[in-house]
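*Asks:* 3D, please:
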Amino acid sequence: MEDANAPENLNPLQGFGSDVKRVRLGRKLTQKHLGKIAGYTDSYVSLVEAGKQMPSARFAEGCDLAFGTNGLFAGLLKRIDEADHPSWFVPYLEQEKKATSIHDYSIQSIMGMLQTEAYAHAIFRAGFPHAAADIIQGKVDARMDRRAVMERENPPTLWVVLHEAGLRAAVGGPAVMAGQLGHLINASERPNIDIQVITYAAGAAGVHVLPFTLLTFSSSPTVLYSDGPVGGKLYDKAKTVANAVRNYDRLRAHALPPDDSLALIKDLYKEFNP
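*Replies:* The predicted structure is shown next:
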């Protein structure tokens, strides 16, 4: 039987936490002792070791101080952040694979799961202008791999509300945008995918909230993922999630119906591909 805790089966955050625990036990330190040196609670240490908490740079530096590892853990965390997926996004990806439905609201760009390779490349190149070509391609490949979720025998339902701004921004130039919009048109034909566009005419209704995603599951509560100034975060508190659900319902109410949304996307496709 395959060991889920074997190093090759751990995601980057779980691997980081496993290494922290291994060295902590080797140094005969308690979680409380490590937390005190690093400036965090023992519950925070426990979550990091379990791979359920994104470690901060300060925590990684605190581990190096407590263990005498001369920057080892700070370096590990930096490499995770420079990898195909940043460390703060890994917890979301793990939940995305398990979701039975995904509800997403995007403003400036198309959600990652619906991006074409050329569009994703343009996004990453703009975000990492000085990165080497292989680094950019690695990030693009990782984003394309997310499509596997939608190719399963029983894929999740995907409901996407896109702001018109994200459809009009010429990411990568006209040819790339034509390909991206054509991909959205094809995606909308799948029975498990619904796409709505919230237009500029909706005014403040479309821009009063940041982009976010809701993930629902067959046997566990809905969770919220939302971007922030230094990365994204998962939220599972019932009140926070309920507020996001209400926001999503209002966004759908202000958006064009799916058929009208598809018509708008087709019109924009013609503009980019005359």
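*Asks:* any chance you could map the strands in the protein?
*Replies:* 101-106, 157-163, 193-198, 212-216, 223-228, 231-235 (DSSP state E).
*Asks:* how about the helices in the stretch 1-150 of the chain?
*Replies:* Remark: helices assigned in the stretch 1-150 of the chain by DSSP state H, counting those that start in this stretch are 12-26, 31-38, 42-49, 57-67, 72-82, 90-96, 117-127, 133-145.
*Asks:* what is the burial count for Pro55?
*Replies:* Close neighbours of Pro55, defined as other Cβ atoms under 10 Å, add up to 26. From N, CA and C alone the C-beta is placed, and that goes for glycine too.
*Asks:* please disregard the earlier target; I meant Gly26.
*Replies:* When neighbours are counted by other Cβ under 10 Å, Gly26 registers 9.
*Asks:* low-confidence ranges in the stretch 51-200 of the chain?
*Replies:* Scanning the stretch 51-200 of the chain for pLDDT under 70 picks out the ranges 81-88.
*Asks:* look up how far Leu76 lies from the most centrally placed residue in the chain.
*Replies:* By Cα atoms, centre = their mean, the chain has its centre lying nearest to Phe89, at 4.8 Å. Using Cβ to Cβ, to the nearest Å, one gets 17 Å for the distance from Phe89 to Leu76.
*Asks:* Cys63 is nearest to which of the strands of the chain?
*Replies:* Closest of these to Cys63 is strand 231-235, at 19.7 Å (criterion: Cβ to Cβ).
*Asks:* partners of the closest one, with directions?
*Replies:* Strand partners for strand 231-235, identified by DSSP bridges, are recorded as strand 223-228 (antiparallel).
*Asks:* what's the domain layout of the protein?
*Replies:* Domains of the chain are assigned by automatic domain parsing as 7-82, 88-272.
*Asks:* quick one: distance of the first one to the chain centre.
*Replies:* The offset between the C-alpha centroid of domain 7-82 and the centroid of the whole chain comes to 22 Å, using Cα atoms, centre = their mean, to the nearest Å.
*Asks:* please begin residue numbering at 876 from this point
*Replies:* With 876 as the first residue, the last one maps to domain 882-957.
*Asks:* returning to that earlier point: what would the helices of the stretch 876-1025 of the chain look like in CSV with distance to Leu1137?
*Replies:* Below are the helices of the stretch 876-1025 of the chain laid out as CSV (distance: least, Cβ to Cβ, whole Å):
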stretch, distance to Leu1137
helix 887-901, 38
helix 906-913, 52
helix 917-924, 43
helix 932-942, 44
helix 947-957, 38
helix 965-971, 25
helix 992-1002, 19
helix 1008-1020, 24
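*Asks:* nearest to Leu1037, of those?
*Replies:* Going by Cβ to Cβ, the one of the helices of the stretch 876-1025 of the chain nearest Leu1037 is helix 992-1002, 13.0 Å.
*Asks:* flag every buried residue along that closest one.
*Replies:* Under the neighbour-count criterion of 16 or more other Cβ atoms under 10 Å, helix 992-1002 has Ala993, Tyr994, Ala995, His996, Ala997, Ile998, Phe999 buried.
*Asks:* what do you get for stretch 1127-1143?
*Replies:* Buried positions in stretch 1127-1143, judged by neighbour count with 16+ other Cβ under 10 Å: Arg1127, His1129, Ala1130, Leu1131, Pro1133, Ser1136, Leu1137, Leu1139, Ile1140, Leu1143.
*Asks:* returning to what we had before: what's the most distant pair in the buried residues of helix 992-1002?
*Replies:* Ala993 and Phe999, at 11.1 Å, using Cβ to Cβ across the buried residues of helix 992-1002.
*Asks:* so the residue nearest to the centre of the chain sits right up against Leu1109, yeah?
*Replies:* No: using Cβ atoms under 8 Å, Phe964 is not in contact with Leu1109, being 10.0 Å away.
*Asks:* can you give me the neighbour number for the nearest residue to Leu904 once chain neighbours are set aside?
*Replies:* In space, and not counting its chain neighbours, Leu904 is closest to Ala941: 6.5 Å by Cβ to Cβ, 6 or more residues apart in numbering. Ala941: 20 surrounding residues under other Cβ under 10 Å.
*Asks:* how close does Ala941 get to Gln889?
*Replies:* From Ala941 over to Gln889 the distance is 20 Å, taken as Cβ to Cβ.
*Asks:* could you count how many residues lie near Ala1119?
*Replies:* Number of residues near Ala1119 (other Cβ under 10 Å) recorded here: 22.
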